[in-house]
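**Q** Fold the following, please.
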Amino acid sequence: MTTTTLAVLVPLLPFLGAAAGLLLGRTSPGFVRPLAVLPPLASLVLAVTVAVRQGGGQAIDAHTELTPTGSVPIELALHIDGFAALVAVLVGVVATCVQIYSTGYLRDDPRYPSYAALVSLFTSAMLLVVYSGDLMVLLVGWEIMGICSYFLVGHYWETPEARAASLKAFLVTKLGDVPFLIGLFALATDAGSFRITSVLGTVASGGLHHPTLVALLLLAGVAGKSALFPLHTWLPDAMAGPTPVSALIHAATMVAAGIYFVARLLPVFQASAAAMVVLAVMAGVTMAGSGLAALAQDDIKRVLAYSTIGQLGYMAGALAVGDRGAAVFHLLAHGAFKALLFLAAGVVIHASGTNSLAVMSRMKGLRNRVPDAYWTMTVALLALAAIPPFSGFFSKEAVLGAAEHVATGHTEQAPGAAGWIVLITGMVTAVLTAAYATRLWLLAFHGQGTEAPDHGRQPVTMTAVLWVLAVPSLAFGLAYGPLPDWFDGRDLTPVLTTSVLGTGLALVGVVITYGAWRHTTAMALRVPLGAVAAHPDADAGLVEAEAIASHEPAFGDVAYVPDPADPGRLLLGPLHRHAAVGFHLDAVYHALFVRPVQAGAQLVRFLDREVVDTYVRGAGALPRWLGAAVRRAQTGNVQTYVSALLAGTVVLVVAAVLVATGA
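**A** Predicted structure coming up:
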């Protein structure tokens with residue numbers, strides 16, 4: 001079988017699995033789980049085969065015109081280079097692990113058949129984006145992912161949080177997709193084709209007429225899909241969906257699509273220095289802001305969501321300094337350890353019965369209840385914090401090293417300003433990342449209080465995939481040697497300066513957070529039971545009087561209430577309450593966009609009811625009045641009708657005489 005045929009089957013198999021799952025889900029429930037797991041597993045095997053055959057060498061290109069359009073042709077095209085081959089393998093690995101994990105996590109969910117089918121369809125759409133060589137076909141996969149995420153995030157549609165989160169995710173990403181579509185049309189107009197190779201050829205020959213405008217239009221769509229500032233606000237709220245969905249969307253698939261798109265079309269963005277600086281600013285704000293927000297979150301999944309945003313900022317930063325190899329290297333490493341973090345968090349949530357780190361911090365021995373999640377999550381957090389020799393260290397240092405080369409003028413593939421922005425914010429984020437990773441680990445697994453609940457052993461399908469993902473989280477970073485052969489040939493070896501500085505800053509974040517945790521844990525408050533909820537160290541949702549009373553010994557009317565042991569509150573100080581709500585960006589958007597739209601809708605409603613309806617009612621009033629007058633004349637009395645007839649005859653005769661006399 002040819003490589004092209006195998007590549008076509010890679011996205012096709014999950015699509016067929018999704019269709020079969022939807023058709024047989026109700027009539028033959030026994031087929032649901034095999035149809036959920038086997039197609040992505042087979043797709044993974046084929047993706048690995050395609051990657052081996054491609055071997056990081058010459059890109060595989062194939063195309064056929066779908067139908068004559070009369071203008072710019074749309075072609076069903078494949079363009080598989082080293083980037084595409086490896087990203088497809090990552091998507092296959094994560095999707096297969098998520099489907100296997102979901103068989104245990106959602107084993108009692110009545111909507112599991114539709115859930116599994118949507119996950120397969122989502123996987124198929126992402127693989128279409130990865131392999132597509134035509135921008136319009138890529139857009140099809142791009143939009144299918146959007147609608148699948150809407151349904152998956154809203155899986156628990158009975159809850160208002162899930163409904164609101166699914167709508168928000170859909171609308172915010174669509175807000176970016178409108179200028180994105182315009183940018184694609186502008187590219188195709190200049191290139192005369194939607195083929196990626198043709199577009200890149202046009203850019204190389206200087207045929208792109210408005211590079212800055214086109215790049216900024218495309219960046220709007222990328223910001224929405226990959227949750228970059230300022231369109232990142234949908235991602236934390238998307239945690240209302242099932243945890244496996246979070247692992248799928250926030251690791252290797254949907255949020256990676258925008259980064260992958262920029263990596264594919266990087267010369268388009270490099271054609272505009274202004275666009276590269278804008279991308280660097282977006283990356284810098286995304287990195288630093290999400291790091292601060294993650295340090296203030298109580299929900300374990302929201303911590304990981306903001307962590308994802310920050311790591312996407314690193315990838316965008318690598319692209320802003322013109323190094324797509326470093327960006328995709330970090331994309332691959334992040335896909336493994338972030339999927340592991342979300343799936344391990346699902347096990348922890350399943351065992352503890354809560355998402356709240358504050359509640360977990362009052363559970364003793366939780367790590368003994370979930371040893372698989374504890375050890376694998378420790379590996380993933382070390383990778384996230386970029387501690388050597390875990391994978392995140394090598395991929396993150398590749399980003400910082402590329403930024404340092406641009407900032408110091410060793411390479412001119414991007415403006416020096418972009419290099420400095422990415423380098424400085426990347427270093428700051430290294431401290432913050434290590435801090436919130438350490439905070440999560442301490443609060444979740446080193447709580448003080450009552451014994452954690454014992455729900456028995458977790459299903460093997462949930463724990464086995466954790467160890468599968470732990471392997472690349474630990475060892476994938478060592479691939480920095482052969483990976484350049486698959487990318488642009490640029491060296492990904494860690495740079496000594498940024499390696500030492502970045503690792504040192506990460507260790508500083510770990511030590512400071514640990515010290516703050518020890519300090520807060522040692523503190524104790526003696527407050528009346530009724531005053532616990534009003535205490536400044538007992539924010540809503542963190543400490544409840546009932547929970548404290550049940551978990552801690554009471555001394556008369558005074559309970560011995562420990563501090564929530566949250567080092568983030570101590571480290572952030574007065575900034576904590578602002579960081580906890582994402583620096584009020586949702587409130588700003590509500591004031592700038594939602595309220596004006598609502599005001600406009602109310603104005604239209606007023607005009608429709610009070611102005612338009614008034615004219616309509618007025619137009620009907622005159623005939624109604626005439627009808628009422630005529631109706632009064634219809635008495636049914638014959639004498640009245642004869643009298644009126646005679647009176648009218650007399651009037652007509654008199655009028656005729658007067659006219660004749662006047663003549």
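
**Q** which residues of the stretch 201-350 of the chain score low on pLDDT?
**A** 252 (pLDDT under 70).

**Q** and if we set it to 50?
**A** The model of the stretch 201-350 of the chain has no residue with pLDDT under 50.

**Q** just the chain next, same as before
**A** In the chain (pLDDT under 50), the answer is 524-563.

**Q** could you pull out the strands for it?
**A** In the chain, the segments counted as strands under DSSP state E are 60-67, 74-80, 363-364, 450-451, 524-528, 554-555, 558-562.

**Q** what's the first one packed up against?
**A** Put plainly, it is strand 60-67. Counting contacts by 3 or more Cβ pairs under 8 Å, 6 or more residues apart in numbering; DSSP states H and E, strand 60-67 is packed against helix 3-24, strand 74-80. All C-beta spots, glycine's among them, are computed from the backbone N, C-alpha and C.

**Q** change it to 6 Å
**A** Counting contacts by 3 or more Cβ pairs under 6 Å, 6 or more residues apart in numbering; DSSP states H and E, strand 60-67 is packed against strand 74-80.

**Q** Export the strand it packs on to PDB, keeping only CA atoms.
**A** Output of strand 74-80 as PDB, limited to C-alpha atoms (Å, rounded to 0.1, in the frame of the first residue of the first chain):
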ATOM      1  CA  ILE A  74      -9.900  23.900  -4.100                       C
ATOM      2  CA  GLU A  75      -7.900  20.600  -4.000                       C
ATOM      3  CA  LEU A  76      -8.000  17.600  -1.800                       C
ATOM      4  CA  ALA A  77      -4.200  17.800  -1.100                       C
ATOM      5  CA  LEU A  78      -1.800  16.100   1.300                       C
ATOM      6  CA  HIS A  79       1.500  17.800   2.400                       C
ATOM      7  CA  ILE A  80       3.300  15.600   4.900                       C
END
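
**Q** Can you give me the buried ones in it?
**A** For strand 74-80, the neighbour count (16 or more other Cβ atoms under 10 Å) marks 74-75, 77-80 as buried.

**Q** One more: stretch 496-510?
**A** Residues of stretch 496-510 classed as buried: 498-499, 501-503, 505-506, 509-510 (neighbour count, 16+ other Cβ under 10 Å).

**Q** next one: it to chain centre, how far?
**A** Its chain's C-alpha centre lies 29 Å from the corresponding centre of stretch 496-510 when counted by Cα atoms, centre = their mean, to the nearest Å.

**Q** contacting residues around that stretch?
**A** 385-386, 397, 400-401, 404, 427, 430-431, 434-435, 438 (Cβ atoms under 6 Å, 6 or more residues apart in numbering).

**Q** May I see the residues you listed arranged in TSV, with neighbour count as well?
**A** Output for the contacts of stretch 496-510, formatted as TSV (neighbours: other Cβ atoms under 10 Å):
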residue	neighbour count
A385	25
A386	29
E397	31
L400	28
G401	24
E404	22
M427	19
A430	28
V431	20
A434	28
A435	28
T438	22
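
**Q** Just the closest of the buried residues of stretch 496-510 to A240, please.
**A** Ranked by distance to A240 (Cβ to Cβ), the buried residues of stretch 496-510 are led by G509 at 29.2 Å.

**Q** residues in contact with the residue nearest the centre of the chain?
**A** For the chain, the residue nearest the mean C-alpha position is L235 (4.2 Å; Cα atoms, centre = their mean). L235 is in contact with 227, 305, 309, counting by Cβ under 6 Å, 6+ apart.

**Q** In helices only, show me these.
**A** 305, 309 (DSSP state H).

**Q** Take the contacts of L235 and lay them out in JSON lines including neighbour count.
**A** As requested, these are exported to JSON lines (neighbours: other Cβ under 10 Å):
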{"residue": "A227", "neighbour count": "30"}
{"residue": "A305", "neighbour count": "28"}
{"residue": "I309", "neighbour count": "27"}
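
**Q** what distance separates the longest helix seen in the chain from the centre of its chain?
**A** Longest helix in the chain by number of residues, with DSSP H as the criterion: helix 160-191. Mean-position distance between helix 160-191 and its chain equals 12 Å (Cα atoms, centre = their mean).

**Q** got the angle for it vs strand 74-80?
**A** 100 degrees (axes from the mean of the first three to the mean of the last three Cα atoms, to 10 degrees).

**Q** tell me which residues of helix 160-191 are tucked away?
**A** 162, 165-166, 168-170, 172-173, 175-177, 179-184, 186-188, 190-191.

**Q** Now, the contacts of stretch 496-510 that are in helices?
**A** Those of the contacts of stretch 496-510 lying in helices (DSSP H): 397, 400-401, 404, 427, 430-431, 434-435, 438.

**Q** Could you measure from F15 over to H446?
**A** F15 sits 45 Å away from H446, going by Cβ to Cβ, to the nearest Å.

**Q** Which parts of the stretch 101-250 of the chain are helices?
**A** Along the stretch 101-250 of the chain, counting by DSSP state H, counting those that start in this stretch, helices occupy 112-131, 135-153, 160-191, 196-204, 211-225, 234-237, 243-247.
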